[in-house]
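Novice: sequence? don't have it. structure:
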């Protein structure tokens with residue numbers, strides 16, 4: 001009997017001690033967790049990490065400690081370590097009131113994205129969309145990641161789902177519009193952009209693309225109004241200034257175009273495609289204004305980054321010779337009146353009598369001339385049309401065909417086309433079997449150096 005009493009007392013006391021231990025443990029752990037959370041909130045990350053690791057030393061399966069440790073690593077911008085902690089919880093399936101499955105998977109998706117692991121991030125958002133089928137944010141993130149991976153149709157489908165659950169989500173409308181714009185569906189894209197600014201009037205990307213759509217449709221005033229609103233976006237500002245400058249160039253208003261482009265260059269070199277576009281258009285403006293040294297400077301900067309960009313290599317080949325050829329430089333940069341006079345002198349140096357000189361545009365002079373000698377004394381001297389181009393663009397088939405049509409119209413027997421650049425292959429082939437003489441850059445340079453003003 002005494003042994004039984006002793007046994008009961010001993011083991012009863014031990015059970016009570018275990019009970020007290022677990023009560024103490026359940027009271028102390030939440031207190032430590034609150035301390036860790038408070039430390040994270042106060043940006044005292046080092047202390048929070050120490051406490052979380054102490055909890056894990058006592059119980060390595062403590063999901064709350066793993067979760068908070070992951071939060072600490074996230075705050076320290078160490079996503080690789082944060083992923084390890086969050087991944088531990090999903091692998092064990094040990095979710096808690098603090099470390100819920102939704103919270104853990106959302107954190108995992110964010111940290112994977114920081115690591116550039118787009119596929120893994122997207123997988124987590126897809127799982128979240130199954131846990132929260134009516135949460136538009138998950139579909140938005142899934143769509144955004146599809147868009148990054150250039151799966152535009154899948155992105156559109158998920159943006160559509162996001163809008164289904166939140167019709168006022170402007171960002172989804174804007175991104176849908178952007179995809180439709182790239183698919184060359186401007187009307188559908190416009191509807192999406194209009195929806196975006198309906199719910200968010202400050203949605204600058206939508207204003208930018210609406211400006212591009214208006215410009216493409218020829219409505220430059222509306223385009224400029226949209227671009228003015230898009231200028232508030234620092235990331236888009238460089239592209240917006242380029243679009244505005246393009247409008248001014250088409251209108252012939254270089255006085256407004258050049259300052260826009262110079263302002264765009266002052267914004268830095270981060271957006272390479274935009275910078276190349278700005279430099280190219282600025283060089284074109286300088287070329288039109290006959291400020292060729294400045295134009296060459298821009299082409300050289302483009303060539304250093306992307307040698308095959310548009311016709312930059314050809315431009316440099318043509319204009320770099322100016323530095324060693326003052327005669328050619330003076331001719332290409334001359335005023336329009338001087339251009340006309342020099343063109344007349346060139347024609348006279350070829351043994352022709354100049355009759356009429358017409359300045360067709362700043363880079364083209366057309367001259368009607370007569371031969372100064374004829375095989376027959378009383379024969380009527382034949383009219384010759386001479387066209388002289390000083391632009392960098394190759395003279396094309398259409399140019400030579402137009403010259404031939406003009407010959408037939410006025411009854412000219414022969415024509416001469418002189419260029420400061422070159423002829424396209426099709427232009428040369430067309431002239432070869434017709435009474436049209438072609439004078440390219442090399443021959444023209446010789447003529448230019450032979451004339452005496």
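Specialist: Sure, I can see it. A quick note: this is a predicted structure, and the numbers were derived from the prediction, not measured.
Novice: which residues of the stretch 301-450 of the chain fall in helices?
Specialist: Read by DSSP state H, counting those that start in this stretch, the stretch 301-450 of the chain holds these helices, from start to end of the chain: 312-319, 326-333, 336-349, 397-410, 425-432, 441-450.
Novice: the spatially closest residue to residue 156 that is not a sequence neighbour: neighbouring residues, count only.
Specialist: Nearest residue to residue 156, sequence neighbours excluded (CB to CB, 6 or more residues apart in numbering): residue 179, at 5.7 Å. In this view, the C-beta of every residue, glycine as well, is placed from N, C-alpha and C. Neighbour count of residue 179, defined by other CB atoms under 10 Å: 20.
Novice: quick check: which element contains residue 179?
Specialist: Using DSSP states H and E, residue 179 sits in helix 170-182.
Novice: what's the most buried one of the helices of the stretch 301-450 of the chain?
Specialist: helix 312-319 (a mean of 19; mean count of other CB atoms under 10 Å).
Novice: mind checking pLDDT for residue 29?
Specialist: Predicted confidence (pLDDT) for residue 29: 66.
Novice: then residue 392?
Specialist: You'll see residue 392 listed with a pLDDT of 77.
Novice: show me what contacts the nearest residue to it once chain neighbours are set aside?
Specialist: Using CB to CB, 6+ apart and skipping residues adjacent in sequence, the residue nearest residue 392 is residue 318, 5.0 Å away. Taking CB atoms under 8 Å, 6 or more residues apart in numbering, we find residue 318 in contact with 392, 420, 421, 441.
Novice: top of those residues by neighbour count?
Specialist: Neighbour counts for the contacts of residue 318 peak at residue 392, which has 23 neighbours (criterion: other CB under 10 Å).
Novice: wait, that one touches residue 313, no?
Specialist: No: using CB atoms under 8 Å, residue 392 makes no contact with residue 313, being 11.6 Å away.
Novice: can you check which strand is longest in this structure?
Specialist: Criterion DSSP state E: the longest strand present in the chain is strand 352-361.
Novice: next, the buried residues of that one.
Specialist: Buried residues in strand 352-361, counting neighbours by 16 or more other CB atoms under 10 Å, are found at 352, 354, 357.
Novice: show me what it pairs with in its sheet, parallel or antiparallel.
Specialist: Its sheet considered, strand 352-361 pairs with strand 364-371 (antiparallel) by DSSP bridges.
Novice: low-confidence stretches in this protein?
Specialist: Under the criterion pLDDT under 70, the flagged ranges of the chain are 1-29, 321-323, 373-380, 452-453.
Novice: now the strands: where do they sit in it?
Specialist: Under the criterion DSSP E, strands of the chain are mapped to 352-361, 364-371, 383-389, 414-419, 436-439.
Novice: could you dump the ones you listed to JSON lines with distance to residue 276?
Specialist: JSON lines is the format used below for the strands of the chain (distance: least, CB to CB, whole Å):
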{"stretch": "strand 352-361", "distance to residue 276": "27"}
{"stretch": "strand 364-371", "distance to residue 276": "29"}
{"stretch": "strand 383-389", "distance to residue 276": "27"}
{"stretch": "strand 414-419", "distance to residue 276": "27"}
{"stretch": "strand 436-439", "distance to residue 276": "33"}
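Novice: for these, which one sits closest to residue 331?
Specialist: Set against residue 331 and scored by CB to CB, those come closest in strand 383-389, at 9.7 Å.
Novice: before we move on, the earlier item: how far does the helix holding residue 179 sit from the chain's center?
Specialist: Put simply, helix 170-182 sits 16 Å off its chain's centre (CA atoms, centre = their mean, to the nearest Å).
Novice: who are the packing partners of that helix?
Specialist: Applying 3 or more CB pairs under 8 Å, 6 or more residues apart in numbering; DSSP states H and E, one finds that helix 170-182 contacts helix 136-148, helix 152-165, helix 186-199, helix 204-216.
Novice: right, and those - which one's nearest residue 256?
Specialist: Closest among these, using CB to CB: helix 204-216, at 15.1 Å.
Novice: buried set for the closest one?
Specialist: Under the neighbour-count criterion of 16+ other CB under 10 Å, helix 204-216 has 204, 205, 206, 207, 208, 209, 210, 211, 212, 213, 214, 215 buried.
Novice: again, but for stretch 52-62
Specialist: Using 16+ other CB under 10 Å as the test for burial, stretch 52-62 gives 52, 55, 56, 62.
Novice: follow-up on the earlier one: can I get the buried residues of helix 204-216 in a markdown table including distance to residue 161?
Specialist: What follows is the buried residues of helix 204-216, written out as a markdown table (distance: CB to CB, whole Å):
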| residue | distance to residue 161 |
| --- | --- |
| 204 | 25 |
| 205 | 21 |
| 206 | 20 |
| 207 | 26 |
| 208 | 25 |
| 209 | 22 |
| 210 | 24 |
| 211 | 29 |
| 212 | 27 |
| 213 | 25 |
| 214 | 30 |
| 215 | 32 |
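Novice: neighbouring contacts of stretch 33-41?
Specialist: Residues outside stretch 33-41 that contact it (CB under 8 Å, 6+ apart): 45, 47-48, 51-52, 55, 64-65, 68, 71-72, 75, 98.
Novice: can you tell me which of these are buried?
Specialist: Among the contacts of stretch 33-41, those scoring as buried are 45, 48, 51, 52, 55, 64, 65, 68, 71, 72 (criterion: 16+ other CB under 10 Å).
Novice: closest to residue 266 among these?
Specialist: Checking those against residue 266 by CB to CB gives residue 45 as the nearest, at 39.1 Å.
Novice: so who does that closest one touch?
Specialist: Neighbour list for residue 45: 39, 72, 75, 76 [criterion: CB under 8 Å, 6+ apart].
Novice: what about it, distance to residue 51?
Specialist: 11 Å (CB to CB, to the nearest Å).
Novice: reformat the buried residues of strand 352-361 as TSV; add distance to residue 294.
Specialist: Output for these, formatted as TSV (distance: CB to CB, whole Å):
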residue	distance to residue 294
352	36
354	34
357	29
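Novice: closest one of those residues to residue 269?
Specialist: For these, the minimum distance to residue 269 (CB to CB) is 45.7 Å, reached by residue 357.
Novice: mind listing what the closest one touches?
Specialist: 340, 343, 344, 365, 366, 367.
Novice: okay, the helices and strands packed on helix 170-182 in a markdown table with distance to residue 253 next?
Specialist: Listed next are these as a markdown table, based on distance: least, CB to CB, whole Å:
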| stretch | distance to residue 253 |
| --- | --- |
| helix 136-148 | 37 |
| helix 152-165 | 37 |
| helix 186-199 | 25 |
| helix 204-216 | 15 |
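Novice: contact partners of stretch 104-112?
Specialist: Residues contacting stretch 104-112 (CB under 8 Å, 6+ apart): 67, 70-71, 74, 79, 82-83, 86-87, 89-90, 95, 118, 120-122, 124-125, 127-128, 131, 141.
Novice: could you flag which of the residues you listed are buried?
Specialist: Among the contacts of stretch 104-112, the ones that count as buried by 16+ other CB under 10 Å are 67, 70-71, 74, 79, 82-83, 86-87, 89-90, 95, 120-122, 124-125, 127-128, 141.
Novice: hang on, the earlier thing: now, the most widely separated pair of the contacts of residue 357?
Specialist: Farthest-apart pair in these is 344 and 366; separation 11.4 Å (CB to CB).
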